[in-house]
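>>> no letters, just coordinates:
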């Protein structure tokens, strides 16, 4: 085991990947808890799809992928908020989310068709890659994680109130619209960061599976968020380790497989408890 760990940490790109994976687990664990609690997995999936044209556009114009991811995910979050009037009116929000998702897919196909170079970078965007994580990207992820967590610490309590009972929160004077828009922006930033690890098509797995598993074990918000982060960290680090030794397989496959196993295991634990 010591030799295996030594092999993993021998290369700089793997050390970068483990640090970036920790940032991703932290982001996805915190924001994903509220995504599952609020039943907004569709929004998380859409923002992950939106990450594809963002990163593909960045490759096309020659800027860092993280820049394109953050720009397009943030813009899409604002679009969902504006078109859906983010309150407890779920029908309007679902229509807005679906419209933005359809447009994002078309935009992604346009960018890939205009890109006349090798498509390895685009494939990495879709399915993730442990080989393409640079130190600059790691620093960018850490900055995004610090920003998201700082804002979540400020809005966490009123946002939890809003997520559990929006009508009562609104009556109590909680700024429903402002906090909901802020969370969507934070979710967009989290998706942009997570896409670099798992790929655009599977980013929502990190948002949903650890948080859903955690909520099978406890109903306490603080404990649930902590468990979600720990499970996310286990999924990412284990997936990175296995993908290193089985390089013919994409990391996204291992992320979803280990995440599903943990979720089913937590459901089993819940059924066995009195």
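Received, thanks. These numbers come from a predicted model, not from an experiment. Numbers count the residues shown, from 1 in each chain.

>>> contact partners for the residue nearest to residue 136 when sequence neighbours are not counted?
In space, and not counting its chain neighbours, residue 136 is closest to residue 64: 7.2 Å by C-beta to C-beta, 6 or more residues apart in numbering. (Glycine included, C-beta is placed from N, CA and C.) Taking C-beta atoms under 8 Å, 6 or more residues apart in numbering, we find residue 64 in contact with 58, 136-137, 140.

>>> check residue 264 and give its pLDDT.
At residue 264, the pLDDT value in this model is 91.

>>> so how far is whichever helix or strand residue 54 is part of from its chain's centroid?
Applying DSSP states H and E as the criterion places residue 54 in helix 41-61. Counting by C-alpha atoms, centre = their mean, to the nearest Å, helix 41-61 is centred 11 Å from the centre of its parent chain.

>>> and it, which residues are buried?
If you call a residue buried by 16 or more other C-beta atoms under 10 Å, then helix 41-61 has these buried ones: 41-60.

>>> so how many other residues sit close to residue 220?
Neighbours of residue 220 under the rule other C-beta atoms under 10 Å: 10.

>>> that should have said residue 168, apologies.
Other residues lying near residue 168 total 11 when counted by other C-beta under 10 Å.

>>> got a list of what it touches?
Residues near residue 168 by C-beta under 8 Å, 6+ apart: residue 161.

>>> ditto for residue 266
213-214, 216-217.

>>> and it, its phi and psi?
Per-residue torsions, residue 266: phi -70, psi -40 (degrees, to the nearest 10).

>>> can you tell me how far it is from residue 226?
Relative to residue 226, residue 266 is positioned 14 Å away (C-beta to C-beta, to the nearest Å).
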